[in-house]
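Undergrad: Provided below are the primary sequence and the corresponding predicted coordinates.
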Protein chains: 2
Amino acid sequence: MVFQPKLDHNSESPLYRQVFEQIAAQIRSGHLARGERLPATRELAGSLGLNRTTVSAAYEMLETEGLISGQVGRGSFVTASPTAPPSSPAEGVNWNGLLERNENFMSGPGGGRGREVISFAVSRPSRDLFPLDEFRATCATVLARADLADILQLGSPSGYEPLRRYLLEEARRQHVASPGDDLLITNGCQQALDLLGRVLLRPGDTVAVEDPLYTGLKNLLTGMGAQLCGIPVGAEGMDPAHLERVLERERPRFLVVTSNFQNPTGASLPLPARRALLDAARRFGVPVIENDAYGELRYSGEVLPSLKQLDESGGTVLLRSFSKVSFPGLRVGWALGPKPLIDRLRNAKEAADLHSDQLSQAVLLEFAESGRLEAHRTIMRKAGAERLAATLDACAKYLPPGTRWTCPEGGMNVWVRLPEPLDAGELLARAQRQGVAYVPGRYFAVSRLEPGALRLSFAGLTPDEIRTGLAILGRTIGAEWENAVPSYEPSPAMV
Amino acid sequence: MVFQPKLDHNSESPLYRQVFEQIAAQIRSGHLARGERLPATRELAGSLGLNRTTVSAAYEMLETEGLISGQVGRGSFVTASPTAPPSSPAEGVNWNGLLERNENFMSGPGGGRGREVISFAVSRPSRDLFPLDEFRATCATVLARADLADILQLGSPSGYEPLRRYLLEEARRQHVASPGDDLLITNGCQQALDLLGRVLLRPGDTVAVEDPLYTGLKNLLTGMGAQLCGIPVGAEGMDPAHLERVLERERPRFLVVTSNFQNPTGASLPLPARRALLDAARRFGVPVIENDAYGELRYSGEVLPSLKQLDESGGTVLLRSFSKVSFPGLRVGWALGPKPLIDRLRNAKEAADLHSDQLSQAVLLEFAESGRLEAHRTIMRKAGAERLAATLDACAKYLPPGTRWTCPEGGMNVWVRLPEPLDAGELLARAQRQGVAYVPGRYFAVSRLEPGALRLSFAGLTPDEIRTGLAILGRTIGAEWENAVPSYEPSPAMV
């Protein structure tokens, strides 16, 4: 790096902040490229004539912003690409930065599979569980088929027809689809949410959502100019009474709700809450979008009927996907709902990208029809149960007293609340240097900021990695907590 | 079909229109499902006590609207699914209806490969040319790779990194990419256009486009609330002088232009027009989106530098795709442009669907790196040249005097103008009954309606089919032209 920050010792801005701001500007403008190594703190401090802790503080701020990533024994590397500022900088999530940072952790240069940081940062399955031989056999069957040319030819916006029919028949068999329903194939649940926004939303419309909320949905809706009205998620999901007040007062354009194993909290709606939610939505005429990406990954407890299944009024759209239970790199999900809405979504889908990739649709259909998907689901549920149990056990064993966490019955995420006055965002850079990463709760906040909250995504890690990671995290939290200055300072007597 | 139209013999609306409207309403509401057979005209006429020509006229209107499709000797079938009305009914294109109709033609129930209608309606390659063995070998290589699990894992919004790097290096090698450029993988050119609209457009913005215009772009932009300002496309593409006046007067948010083999006209911009266009765009500060889906399919003439390559100001984004030259069912294209714009597009891409399907990206990269893509390109160019020559020869041989058509040097489309007063939209139902289909020009019109124009997409047909189809079309046009009532009626003398 030839760049050298220029410091103004007479400025009101502290030196560590000047260093931070100048390096951040270099990264954002592209002058410092992704992957470039920053000088060691000792080296930069020496060349600038600064105390090393000043430079360390600047680097910590850069890490917290997702601009650089420190790797034990190797130094700090630029992880962000230059970006335009987010539309609302105060609230904006540097999700790219997060994802990229995580990728660095998983497969850093020269690192191979020997990861140096145990990352709880991404909600995705473990690549070690992908049934590669079964996948290869599935592809071989599809490639040998006489109708391969149809798969390679331009397709229909509705989706690859054999897959669409299969999913619709499955939904009918499970009594999830009503006679008036239709089904559209999408590029995962994310695109279904996008298409729903396109056909239902106008800028300024209010949308009722969970708080905390999956960042992909938060960014999507705010990007469309929606006003988010967050309904707090407790251990049992959205509180129906709170929801009812919001629906009555705000009359939102629609409500998005995760019935099973919500991201980020892991919470699920019990049956009475499902009925109460639907009752309130029907009474105030608010359409319900049921985002059920994780529903197949139940490790304990009773399988509950989906909102779509319980709703006889035709006011619910159900979103599901193959991504979480099989291969996230294959982008195939679907929306099931009343035919007139699905027709509108199909038109929006055609405008967006003509249709979804047909090779993956054909492969996933064969994976399902051959029985391999069901066999893989069983493996995924067993592995998920072990990983969730390891997470909950390790939380109990290693996290300091005063820390609380959710106890989901499935999915990929546990929500942790640190004892006050700890800030999970401030703690992150330190945790990463110790060798563990997570996503601070503020990235998921709609209107209720929980500085002490963080998300642990456990599905991508082995039980051993989970235990090691949580032991490190527990030590880091403990050390931080002991050093924490109480935010309460006795004020002098008024005289 | 149990449905029976209820007629009002005292109504001002003619009986054929009443029949048309009631059946159309049944289809649009879903009471008559796609694939359902309508009663024969003779049968319905008998049961309603009507003249058979009255029912035939109603069926013709239904066909023209894309709601039903007649198949010689088999009757008429519902081809459209119930849809919400398009946002601007007067201008809206029932593209779904068209595509679905075409699919019926290509593989109607029981029809197999023995097609009854020769369809010039869809701009796509012939499935007979797909190199299935090469595709299988490519997939086998990808599936055998040690990094298969990475392909199946959650990916980056930027695209599958090895493919992104390959395309960027290719573009640099060809001097198409500048040092400040970046590249984003998209689901074909259609998604790149969608993402550009999302990051650049606000409702009410003006966009300068070609007139006639690819329907997928027309629907996309009008759906986003853009005002389209059409620039007439002649034999040599947009007229630069006309374009300059539009840019000066309207200051559009951006300009979308097809440099090579435009859909629907087949026109390409000569080199001086490219320079003049860029000069005007730069002078008025208007960004240029170069939509180059067909550029690889040049059959004659000199390869011209792309606008992107000629533009040293950094004001052009280039959109390309694997779809037209290889497998349209695999949805992989890309946008190449200035890094700050690509960064914004990547954020929009992540909100839209996280990332493109990675299996197809990996397969297409291997198809390209193995040299199979280049070999296939050669085959596609040879086949395209034969099919284009067959089309132009057959136009000269079979179309009646007074008919004109474009003479493209590549691509998949020829634009035909019928002699006045013929209306290509009105002629379509008759042509279909004779066994040939096309898309009437009005579907592509921005502001300049050419009722006599139609698009012939020749790439999906063999030279023999092209000759047979154009012989039928020539006879149909000839018969229609002889019967045509002059629109000019001598008016009585003023007395």
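TA: The structure has been received and is ready for your questions. Remember, it's a predicted structure, so these values are computed and weren't measured experimentally.

Undergrad: and the closest residue to A:Ala453 other than its chain neighbours, how close does it get to B:Glu420?
TA: Distance criterion CB to CB, 6 or more residues apart in numbering or on different chains; nearest residue to A:Ala453, sequence neighbours excluded, is A:Gly441 at 2.8 Å. Backbone N, C-alpha and C define where each C-beta goes, glycine included. According to CB to CB, to the nearest Å, A:Gly441 stands 69 Å off from B:Glu420.

Undergrad: kindly report the same for A:Ala396.
TA: A:Ala396 is 84 Å from B:Glu420, by CB to CB.

Undergrad: hmm, back to that, more neighbours: which of A:Gly441 and B:Glu420?
TA: Taking neighbours as other CB atoms under 10 Å in any protein chain shown, A:Gly441 and B:Glu420 compare with A:Gly441 leading, 25 against 13.

Undergrad: that one: what's it in contact with?
TA: For A:Gly441, the contacting residues are A:212, A:264, A:415, A:424-425, A:449-455, by CB atoms under 8 Å, 6 or more residues apart in numbering or on different chains.

Undergrad: again, 7 Å this time
TA: By CB atoms under 7 Å, 6 or more residues apart in numbering or on different chains, the contact list for A:Gly441 reads A:212, A:424, A:450, A:453-455.

Undergrad: for chain A, which strand is longest?
TA: For chain A, the longest strand by residue count, based on DSSP state E, is strand A:227-234.

Undergrad: let me know whether it sits next to chain B.
TA: No - against chain B, strand A:227-234 shows no contacts by CB under 7 Å from any CB of the partner chain, the least distance being 14.4 Å.

Undergrad: same deal with stretch A:364-375?
TA: No - for stretch A:364-375, no contact with chain B is found by CB under 7 Å from any CB; the gap never falls below 10.0 Å.

Undergrad: report the buried residues of the longest helix seen in chain A.
TA: Identified as the longest helix of chain A according to DSSP state H is helix A:372-398. For helix A:372-398, burial by neighbour count (16 or more other CB atoms under 10 Å in any protein chain shown) applies to A:372-373, A:376, A:380-381, A:383-385, A:387-388, A:390-392, A:394-395, A:398.

Undergrad: of the residues you listed, closest to chain B?
TA: A:His376 (11.8 Å; CB to the nearest CB).

Undergrad: pLDDT score for that closest one?
TA: The score at A:His376 is 98. That number is its pLDDT.

Undergrad: now do the one 10 residues further on
TA: Note for A:Glu386: predicted pLDDT of 98.

Undergrad: ok, the one 10 residues further on next?
TA: The per-residue pLDDT reported for A:Ala396 equals 98.

Undergrad: using the three-state scheme, assign A:Gly35.
TA: coil (DSSP: H, G, I helix; E, B strand; the rest coil).

Undergrad: sorry, back to before: between the buried residues of helix A:372-398, which is nearest B:Pro232?
TA: A:Leu373 (53.1 Å; CB to CB).

Undergrad: surely the closest one is in contact with A:Phe327?
TA: No - assessed by CB atoms under 7 Å, A:Leu373 is found out of contact with A:Phe327, at 10.5 Å.

Undergrad: residues contacting A:Ile151?
TA: A:358-359, A:362, B:329.

Undergrad: how far away is it from B:Cys189?
TA: 20 Å.

Undergrad: what do you get for A:Ala280?
TA: Distance from A:Ala280 to B:Cys189, by CB to CB: 44 Å.

Undergrad: now swap in A:Val257 and tell me
TA: 36 Å.

Undergrad: same check, this time on A:Ala58
TA: 43 Å.

Undergrad: what do you get for A:Asp8?
TA: From A:Asp8 to B:Cys189 the distance is 49 Å (CB to CB).

Undergrad: so these two - more neighbours on which side?
TA: Neighbours around A:Asp8 and B:Cys189, counted as other CB under 10 Å, are more numerous at B:Cys189. The numbers are 26 against 9.

Undergrad: that one against B:Asn291, yeah?
TA: Yes - the pair B:Cys189 / B:Asn291 is scored as a contact, 6.0 Å apart, by CB under 7 Å.

Undergrad: who touches both of those two?
TA: With CB under 7 Å, 6+ apart, B:Cys189 and B:Asn291 have common neighbours B:Leu319.

Undergrad: which parts of the stretch 1-150 of chain A are strands?
TA: With DSSP state E, counting those that start in this stretch as the criterion, the stretch 1-150 of chain A has strands at A:68-71, A:75-78, A:118-119.

Undergrad: list the helices and strands the second one packs on?
TA: It stands for strand A:75-78. Secondary-structure packing of strand A:75-78 (3 or more CB pairs under 7 Å, 6 or more residues apart in numbering or on different chains; DSSP states H and E): strand A:68-71.

Undergrad: again, 8 Å this time
TA: On a contact count with 3 or more CB pairs under 8 Å, 6 or more residues apart in numbering or on different chains; DSSP states H and E, strand A:75-78 meets helix A:52-64, strand A:68-71.

Undergrad: could I get those as JSON lines with distance to chain B and mean pLDDT?
TA: Listed next are the helices and strands packed on strand A:75-78 as JSON lines, based on distance: least, CB to the nearest CB, whole Å; pLDDT from 0 to 100:
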{"stretch": "helix A:52-64", "distance to chain B": "19", "mean pLDDT": "75"}
{"stretch": "strand A:68-71", "distance to chain B": "16", "mean pLDDT": "75"}
